[in-house]
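[1] Return atomic coordinates for the entry below.
(one chain, ligands or ions: 1)
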Amino acid sequence: MPTELRQWGEAILDFVVRYHEGIRDRRLAPDTTSGEIRAVFDRTLPEEGVGFAATLEDFEERLLPFARHNGHPRMFGYVQSPGVAIGSLADLLASTLNANITAWRSAPGPVEIERIAVEWIRDMIGADPSSDGLFVSGGSMANFSALAAARRMKAPIDLAREGAHALPRAMRLYVSPETHHSVAKAATMLGLGSDHVREVPVDGALRMRVDALEAMIEEDRRAGHQPFCVAGTAGTVGTGAIDPLDALADVAERHELWFHIDASYGGFAALAPAMRPKLAAFSRADSIALDPHKWLYLPLDCGCVLYRDPAMARAAFAHDAEYTRVMDSAPAESFVFWEYGPELSRRFRALKVWMFLRAVGLEPIRAAVEKDLACAAALAEKVDASDDFERLGACGVVDRLLPPRPGAGA
Ligand SMILES: Cc1ncc(COP(=O)(O)O)c(C=O)c1O
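    The predicted model follows:
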């Protein structure tokens with residue numbers, strides 16, 4: 001006689017399998033209204049539950065018809081991962097284990113798995129071998145964490161103790177108009193002030209102009225500000241443009257600025273050998289934001305931030321409190337994730353990364369990335385050949401694979 005839990009579990013698993021197998025037969029997105037959706041749900045706060053079977057029925061009969069199916073083969077909107085099936089199963093395991101990935105002592109095995117998965121990601125994209133980091137909710141949080149570390153390291157004062165008002169000069173960050181808004185949002189949340197987020201103009205291919213960046217840094221220095229960070233993008237949200245990362249790294253080095261790369265969208269393109277040269281500067285970045293829940297095909301949520309020198313992240317995030325003090329003195333066993341990012345309690349996001357990579361290996365993932373690139377290149381060729389459409393921005397990801405277009409630059 002199966003227990004209730006087994007019945008529920010089997011029902012859930014049955015749904016998961018049916019969903020993944022039959023997703024292409026679903027309507028991609030509902031045509032509905034908020035009122036229509038609310039009308040199908042009983043909205044009284046339940047004093048007595050209706051039971052699991054009825055709740056699962058609600059999910060399938062009432063909720064599902066109003067969902068958008070991001071894994072649908074015809075889903076072309078936004079920078080959206082399909083969410084591979086292994087990922088949904090791994091998430092179920094992660095919630096079952098309910099590990100809290102704060103520190104080694106809280107979850108020894110899961111912490112090691114996260115550290116291994118971060119190392120794998122570092123090596124997959126060709127980041128500096130000394131880099132370390134952690135999984136966060138997404139690219140926005142990865143950008144935020146990286147900028148927090150950047151500001152802390154480049155501030156001429158002890159920012160953690162004295163606070164931003166004690167800064168002798170405004171610290172300035174350089175982005176482009178194509179940079180994802182989460183970078184500017186992070187800057188405002190960190191108290192930098194949106195006036196000090198400088199938008200460097202882009203070239204015809206929508207990439208940050210290196211000459212303009214250099215001129216703005218010099219102009220800001222003359223005006224008494226402190227340039228502190230350049231945020232380049234590997235795959236802009238609008239067109240997939242890749243900033244001239246190597247040249248930006250040179251500028252950052254010359255002016256002693258922190259060099260951040262937002263690779264949330266395009267980072268995993270580095271798996272394709274043809275893309276590698278454009279992304280070689282990953283090895284030179286002080287920090288990199290990535291989103292396995294985009295081009296690593298994993299379900300939400302899963303972002304990742306890498307710091308070239310993890311000690312710099314610790315300077316920004318380490319805080320001492322009685323209840324977080326680690327007693328163990330062996331370095332590996334005293335490892336704590338809360339010194340690398342803003343969160344304390346964290347779910348076991350790494351499990352789906354590790355399970356997916358371990359189960360399928362890099363080869364099919366690399367092939368999938370190359371197929372995506374080929375699809376984008378084929379679409380670009382069709383648009384270029386069409387009289388009805390015009391490709392407005394050259395696209396870093398695609399143009400690598402296409403013959404050069406006049407005016408698109410190098
Ligand atoms: C380039 C880039 N950076 C950052 C983000 C933000 O990522 P998330 O939505 O995971 O916070 C996105 C999202 O599309 C993006 O394309």
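[2] for the helix or strand encompassing residue 351, the distance to its chain's centre please.
    Assigned by DSSP states H and E, residue 351 belongs to helix 350-360. Computed by C-alpha atoms, centre = their mean, to the nearest Å, the chain-centroid distance of helix 350-360 equals 17 Å.
[3] so how many other residues sit close to residue 354?
    20 (other C-beta atoms under 10 Å). From N, CA and C alone the C-beta is placed, and that goes for glycine too.
[4] Run through the strands of the stretch 101-250 of the chain in chain order.
    Here the stretch 101-250 of the chain has its strands, by DSSP state E, counting those that start in this stretch, at 132-136, 171-175, 197-199, 226-233.
[5] Quick check: chain neighbours aside, which residue is closest to residue 32?
    Excluding its sequence neighbours, the residue lying closest to residue 32 (C-beta to C-beta, 6 or more residues apart in numbering) is residue 66, at 5.8 Å.
[6] need the contact list for the one you found.
    Going by C-beta atoms under 8 Å, 6 or more residues apart in numbering, residue 66 touches 30, 32, 36-37, 40.
[7] and if you look at residue 37?
    The neighbourhood of residue 37, defined by C-beta under 8 Å, 6+ apart, consists of residue 66.
[8] measure it to residue 369 for me?
    Distance from residue 37 to residue 369, counting by C-beta to C-beta, to the nearest Å: 36 Å.
[9] and if you look at residue 209?
    28 Å.
[10] ditto for residue 339
    Distance from residue 339 to residue 369, counting by C-beta to C-beta: 32 Å.
[11] swap in residue 305?
    On the measure of C-beta to C-beta, residue 305 and residue 369 end up 21 Å apart.
[12] So the two - more neighbours on which side?
    It is residue 305, of residue 305 and residue 369, that has more neighbours when counted by other C-beta under 10 Å, with 28 against 20.
[13] Number of residues surrounding the nearest residue to that one once chain neighbours are set aside?
    Closest residue to residue 305 apart from its sequence neighbours, by C-beta to C-beta, 6+ apart: residue 142 at 3.9 Å. By other C-beta under 10 Å, the residues close to residue 142 number 30.
[14] Same question for residue 130.
    10.
[15] again, but for the one 10 residues further on
    Taking other C-beta under 10 Å as the neighbour definition, residue 140 ends up with a count of 20.
[16] Could I get the full set of helices for the stretch 1-150 of the chain?
    Listed in chain order, the helices of the stretch 1-150 of the chain (DSSP state H, counting those that start in this stretch) span residues 4-22, 34-40, 52-57, 85-97, 108-125, 139-154.
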